[in-house]
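Asker: below is the sequence, then the predicted model.
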Amino acid sequence: QEQLVESGGGLVRPGGSLTLSCTGSGPMFSISAMGWYRQAPGNKREMVAAITNYGSMTNYADAVKGRFTISRDNSKKLMFLQMNSLEPEDTAVYYCASDRYWNNILEARPNNWGQGTQVTVSS
């Protein structure tokens, strides 16, 4: 089972930037598709961005297109989410996740989750 740990969350002003990192520790990291998800209070968890195992393909939620960028470095077992032009509506707990199957990532049902990191966008 892959262990995933998020870091980089915090408080940022509207219009600011933040980069989240996800560190993996198991042997499946480089062959797993991965994604970033978020959940705000009272809302269900939603996919924010996804990336295939070698990074050849990405997918973004409409709400973050053009502002967020997902990337990964398999040699270091790291995945990133660069978030620019942050808005108060981006406030949520952000989770990284992995799965062998791309469809499971896109459909927000990966089998392996991190513990989450809080992102708060507020002035």
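Answerer: Now that the structure is in, tell me what you want to look at. Numbers count the residues shown, from 1 in each chain.
Asker: let me see the ranges of the helices in the protein.
Answerer: 102-106 (DSSP state H).
Asker: state the distance from the residue nearest the centre of the chain to residue 96.
Answerer: For the chain, the residue nearest the mean C-alpha position is residue 36 (2.0 Å; CA atoms, centre = their mean). Distance of residue 36 to residue 96, given as CB to CB, to the nearest Å: 6 Å. To be clear about C-beta, it is placed using only N, CA and C from the backbone, and glycine gets the same treatment.
Asker: what touches both of those two?
Answerer: Here residue 36 and residue 96 have 20, 22, 79 as joint contacts, going by CB atoms under 8 Å, 6 or more residues apart in numbering.
Asker: which one of these has the most neighbours?
Answerer: residue 79 (29 neighbours; other CB atoms under 10 Å).
Asker: ok, what's across the strand from it?
Answerer: Beta-bridge partners recorded for residue 79 (DSSP bridges): residue 22, residue 72.
Asker: what does the pLDDT read for residue 1?
Answerer: Residue 1 is assigned 72 on the pLDDT scale.
Asker: go on, residue 26?
Answerer: 84.
Asker: residues contacting the closest residue in space to it that isn't next to it in sequence?
Answerer: In space, residue 26 comes closest to residue 2 once its chain neighbours are excluded; the distance is 3.8 Å by CB to CB, 6 or more residues apart in numbering. Contact partners of residue 2, counting by CB under 8 Å, 6+ apart, are 24-26, 28-29, 32, 98, 112.
Asker: same thing but at 10 Å, please
Answerer: If you count contacts by CB atoms under 10 Å, 6 or more residues apart in numbering, residue 2 has them with 24-29, 32, 34, 77, 97-99, 111-114.
Asker: repeat for residue 98
Answerer: Shown in contact with residue 98 (CB under 10 Å, 6+ apart): 2, 4, 22, 24, 26, 28-29, 31-35, 53, 79, 104-105, 110-114.
Asker: ok, what's across the strand from it?
Answerer: residue 34, residue 112.
Asker: distance of the residue nearest to residue 26 relative to residue 84?
Answerer: 28 Å.
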